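>>> Let's see this in three dimensions:
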Amino acid sequence: MTDREILEQLRKQLADENGVPVDEVTVHVCGPNVNGCQHDSDGPMVESEDGRMVSASCSKCGSLSIDRAMWELP
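Modelled structure (predicted):
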């Protein structure tokens with residue numbers, strides 16, 4: 001299964017779980033500087049489901065600061 005197929009499955013799952021049409025769901029995938037995004041961490045704060053983590057999001061692409069930091073680990 002390709003990454004694109006996995007992301008499409010995720011999009012459908014998220015739509016079903018939230019009771020919205022699939023075309024209303026956008027999945028943002030962003031690694032370090034993917035597609036030239038110069039990340040701004042001024043988007044909404046996002047809390048994990050278990051409440052143990054809160055991270056700022058990029059207002060441009062939606063990626064989370066914590067996720068980008070994990071990409072930067074040596």
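>>> use CA for all of it now, contacts and neighbours both
OK.
>>> A strand includes Val46, no?
Yes. Val46 forms part of a strand when assessed by DSSP: H, G, I helix; E, B strand; the rest coil.
>>> Identify the residues contacting it.
54-57, 64 (Cα atoms under 8 Å, 6 or more residues apart in numbering).
>>> Check those for burial and list the buried ones.
For the contacts of Val46, a burial check counting by 16 or more other Cα atoms under 10 Å picks out 55-57, 64.
>>> Take the contacts of Val46 and keep only those in strands.
Assigned to strands by DSSP state E, the following of those qualify: 54-56.
>>> what's the lowest-pLDDT member of the contacts of Val46?
Among the contacts of Val46, Leu64 has the lowest pLDDT, at 86.
>>> I'd like to know which of the ones in strands among the contacts of Val46 is nearest to Asp40.
Set against Asp40, the nearest of the ones in strands among the contacts of Val46 by Cα to Cα is Ala56 (9.2 Å).
>>> how much space is there between Trp71 and Leu64?
To Leu64, Trp71 is 11 Å away according to Cα to Cα, to the nearest Å.
>>> I should have written His28 there, sorry.
10 Å.
>>> which stretches of this protein form helices?
3-18, 65-72 (DSSP state H).
>>> between those, which gets the lowest average pLDDT?
When mean pLDDT is averaged over each of the helices of the chain, helix 65-72 scores lowest at a mean of 77.
>>> list the helices and strands that one packs on?
Counting contacts by 3 or more Cα pairs under 8 Å, 6 or more residues apart in numbering; DSSP states H and E, helix 65-72 packs against strand 54-56.
>>> Hmm, Pro21 is touching Ala15, no?
Yes. The criterion here is Cα atoms under 8 Å, and Pro21 meets it with Ala15 at 5.9 Å.
>>> out of the two, which sits in the busier spot?
Ala15 (17 against 12; other Cα atoms under 10 Å).
>>> That one and Gln9 touch, don't they?
No. In this structure, Ala15 is not within contact of Gln9 by Cα under 8 Å, at 9.9 Å.
>>> nearest residue to Ile66 other than its sequence neighbours?
Excluding its sequence neighbours, the residue lying closest to Ile66 (Cα to Cα, 6 or more residues apart in numbering) is Ser55, at 6.0 Å.
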